[in-house]
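> sequence and computational prediction follow.
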Amino acid sequence: MLSRNQSRQLTVRVAMRGIMVATLTSVLLGGVVMWLVDPKSFPSVGMGMWFALQTVTTVGYGDVVPHTSLGRLFAVLIMLQGIAFVSIV
């Protein structure tokens with residue numbers, strides 16, 4: 001039987017699941033937020049999710065970029081999530 005501390009131990013599998021959920025959440029919410037805060041640059045949620053996906057994966061094609069300060073601030077958060085994801089993996 002596992003002790004209380006052993007059952008709550010962080011495993012690689014649990015950590016990876018958490019990172020994947022956080023990254024997927026960043027992309028999904030990122031698409032919606034970018035559409036809301038910068039509708040001229042992101043006329044649809046899909047366009048916002050495309051930006052968030054390419055940003056979180058650190059590809060950054062540059063075909064769509066935020067033009068408002070709030071949009072750029074949120075883009076920084078998505079970039080940091082992508083950097084964390086790549087470095088932890």
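Received the coordinates, thanks.
> okay, and the helix or strand of the chain with the least pLDDT?
Sorting the helices and strands of the chain by mean pLDDT, DSSP states H and E puts helix 4-7 at the bottom, at a mean of 58.
> follow the chain on from it and name the next helix or strand.
helix 12-37 (DSSP states H and E).
> just checking, what packs against that next one?
Helix 12-37 is packed against helix 45-56, helix 69-88, with contacts defined by 3 or more Cβ pairs under 8 Å, 6 or more residues apart in numbering; DSSP states H and E. Every C-beta, even on glycine, is put in place using the N, C-alpha and C of the backbone.
> of these, which stretch is the most buried?
Comparing these by mean neighbour count (mean count of other Cβ atoms under 10 Å), helix 45-56 comes out on top with a mean of 21.
> can you list contacts of that one?
Outside helix 45-56, the residues that touch it by Cβ atoms under 8 Å, 6 or more residues apart in numbering are 23, 26-28, 30-35, 42, 60-61, 64-66, 75, 78-79, 81-82, 85.
> now do it against helix 69-88, angle only.
If you take axes from the mean of the first three to the mean of the last three Cα atoms, to 10 degrees, helix 45-56 sits at 50 degrees to helix 69-88.
> distance from helix 45-56 to the middle of the chain?
Between the mean C-alpha location of helix 45-56 and the chain-wide mean there is a distance of 9 Å, by Cα atoms, centre = their mean, to the nearest Å.
> helix 12-37 and that helix, what's the angle between them?
Angle, helix 45-56 to helix 12-37, by the same axes, to 10 degrees: 130 degrees.
> give me the contact list for stretch 24-39.
The contact list for stretch 24-39 (Cβ under 8 Å, 6+ apart) reads 41-53, 55-56, 66-68, 70-71, 74-75, 77-78, 81-82.
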